[in-house]
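*Asks:* Pasted the sequence and its predicted model underneath.
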Amino acid sequence: DAGVIQSPRHEVTEMGQEVTLRCKPISGHNSLFWYRQTMMRGLELLIYFNNNVPIDDSGMPEDRFSAKMPNASFSTLKIQPSEPRDSAVYFCASSTKPAGALYNEQFFGPGTRLTVL
Amino acid sequence: QKEVEQNSGPLSVPEGAIASLNCTYSDRGSQSFFWYRQYSGKSPELIMFIYSNGDKEDGRFTAQLNKASQYVSLLIRDSQPSDSATYLCAVITNAGKSTFGDGTTLTVKP
């Protein structure tokens, strides 16, 4: 199994540009999570999907952030317009269980390191 | 108060010693507790989970949960240099939200 796949692995962009991060979950996993990790704030849950449906987006910092999951094998996280404070590592994770299940092991992708200049 | 707090670290132990990592949480409705290990520059990987009060052992790792005290810990016996990493405590609430602590960085010195 290839595991969770994320692209790009690194992204450097200028303030104001649109950024799109991509994620392919593990086949058969029906929950998908987007996280952001920074030194200051640690690992923060942004949004999660169950069966392609967004369940909780309360962690999305503001309207500049949006996420979609058009099918079971693909999700995107978009930032428009990007700002320097969005610089972070963005992780995608998937799980076979719904987010609130008692045992919900999440498998993380390698992450996308985003730098906004 | 943060929802999940971990001992600030960094924690340094000699090879072969027991490393003790601690985590407290604020939501009494929390039901599942996880320990993830994250090597520098890598993604988190699950090493233990627990949801019943008491101890759960897996090889050199023991997770301990005390829901009355809202406390979960991870013990690593016979610590090895390869255990050097940041350990993240994660809590799943009844609402299904997963919240991570800031992590404790462990260094095991040969």
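*Replies:* Yep, that arrived. Computed from a predicted model, the values in this text were never measured in an experiment. Residues are numbered from 1 along each chain as shown, chains lettered A, B, ... in the order given.
*Asks:* What parts of chain A come near chain B?
*Replies:* A:33, A:35, A:42-45, A:48, A:55-56, A:58, A:91, A:98-111 (CB under 8 Å from any CB of the partner chain). Heads up, the C-betas are built off the backbone N, CA and C, glycines and all.
*Asks:* Might you enumerate the residues of chain B proximal to chain A?
*Replies:* Residues of chain B lying near chain A (CB under 8 Å from any CB): B:31-32, B:34, B:42-46, B:49, B:51, B:88, B:92-103.
*Asks:* quick one, what contacts residue A:93?
*Replies:* Residue A:93 makes contact with A:4, A:32-33, A:35, A:106-109, according to CB atoms under 8 Å, 6 or more residues apart in numbering or on different chains.
*Asks:* where does the chain have low pLDDT?
*Replies:* Assuming you mean chain A. Along chain A, segments meeting pLDDT under 70 span A:1.
*Asks:* should've been chain B
*Replies:* In chain B, no residues with pLDDT under 70.
*Asks:* Check the burial of whichever residue of it sits closest to chain A by counting its neighbours.
*Replies:* Going by CB to the nearest CB, chain A is nearest to residue B:96 of chain B, at 2.8 Å. Applying other CB atoms under 10 Å in any protein chain shown, we find 17 other residues in the vicinity of residue B:96.
*Asks:* That one is in what secondary structure piece?
*Replies:* Assigned by DSSP states H and E, residue B:96 falls within no helix or strand.
*Asks:* show me what contacts the residue nearest to it when sequence neighbours are not counted?
*Replies:* Counting by CB to CB, 6 or more residues apart in numbering or on different chains, the nearest residue to residue B:96 once its immediate chain neighbours are dropped is residue A:100, at 2.8 Å. By CB under 8 Å, 6+ apart, the residues touching residue A:100 are B:92-96.
*Asks:* Redo the contacts of residue A:93 as JSON lines? Include secondary structure and neighbour count.
*Replies:* Putting these into JSON lines (DSSP: H, G, I helix; E, B strand; the rest coil; neighbours: other CB atoms under 10 Å in any protein chain shown) gives the following:
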{"residue": "A:4", "secondary structure": "coil", "neighbour count": "23"}
{"residue": "A:32", "secondary structure": "strand", "neighbour count": "29"}
{"residue": "A:33", "secondary structure": "strand", "neighbour count": "28"}
{"residue": "A:35", "secondary structure": "strand", "neighbour count": "27"}
{"residue": "A:106", "secondary structure": "coil", "neighbour count": "27"}
{"residue": "A:107", "secondary structure": "strand", "neighbour count": "20"}
{"residue": "A:108", "secondary structure": "strand", "neighbour count": "22"}
{"residue": "A:109", "secondary structure": "coil", "neighbour count": "23"}
